[in-house]
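Colleague: quick one, fold the following:
(one chain, ligands or ions: 2)
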Amino acid sequence: MQIKRLRLTGFKSFVDPADLRIEPGLTGIVGPNGCGKSNLLEALRWAMGENSAKSMRGAGMEDVIFAGTASRPQRDFAEVSILAEQAGGPDEGELEVVRRIERGAGSAYRINGRDVRAKDVGLLFADSATGAHSPALVSQGRIGAIIQAKPGERRQMLEEAAGISGLHVRRKDAEQK
Ligand code: ATP
Ligand code: MG
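Modeller: Residues are numbered from 1 along each chain as shown. Ligands and ions are numbered 1, 2, ... in the order given. Predicted structure coming up:
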């Protein structure tokens, strides 16, 4: 799966709709402190289903919604869309995953315009060896945590990186039925 575009609306400091195109190869994001570089990575993880407000550097999940500034009022919702290209398999082609949160109403997810559960989004990305907890997404200050991980935790990271953690998620799901 190749992520081609990230689109943010009302997410953290990105109050106006903003597109980040991700071309093949290396993409670098540069800018002064506080310009929103980490917010972009958080938007990616959030749309993939991240459920920890703390890891979004907030007290509650609604803290991802633009909170307003001296000159602009706060927003009532935040929306992040991931456009990806899936090569091979039954879901081959373009894929748009959208997560939206509204004040007082929680989060909703869509895949290619269809309402889905958070779990469906989690499974989709787990099968593609990525997702909100992918070891490929290293947040600021987390490099030390990876180096100091216990063997069991490191095994989980390797399984995720190898793309087999989706199988575990599906097995757990099947066991519960
Ligand atoms: P650094 O180089 O210091 O790591 P950065 O480019 O990673 O900086 P971010 O941490 O992504 O910057 O952005 C922080 C900015 O986002 C701050 O100015 C903060 O006020 C703003 N911000 C975070 N959440 C919200 C929100 N809900 N509404 C409005 N602005 C927000
Ligand atoms: Mg940062």
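Colleague: identify the residues contacting stretch 23-34?
Modeller: 2, 20, 37, 40 (Cβ atoms under 8 Å, 6 or more residues apart in numbering). Just so you know, the C-beta spots here come from the backbone N, C-alpha and C atoms, and that holds for glycine as well.
Colleague: if any of these are buried, put those into a ChimeraX selection.
Modeller: The following ChimeraX line selects those of the contacts of stretch 23-34 that are buried, judged by 16 or more other Cβ atoms under 10 Å:
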select :20,40
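Colleague: is it true that Gln140 touches Leu40?
Modeller: No. Contact criterion Cβ atoms under 8 Å: Gln140 and Leu40 do not qualify, at 11.8 Å.
Colleague: can you list the residues of this structure near ligand 1?
Modeller: 12-13, 31, 33-39, 63, 65-67, 140 (Cβ under 6 Å from any ligand atom).
Colleague: are any of the residues you listed buried, and which?
Modeller: 12, 36, 39, 65-66.
Colleague: report the entries of the contacts of stretch 23-34 that also contact ligand 2.
Modeller: Contacts with ligand 2 within the contacts of stretch 23-34, counted by Cβ under 5 Å from the ion: Lys37.
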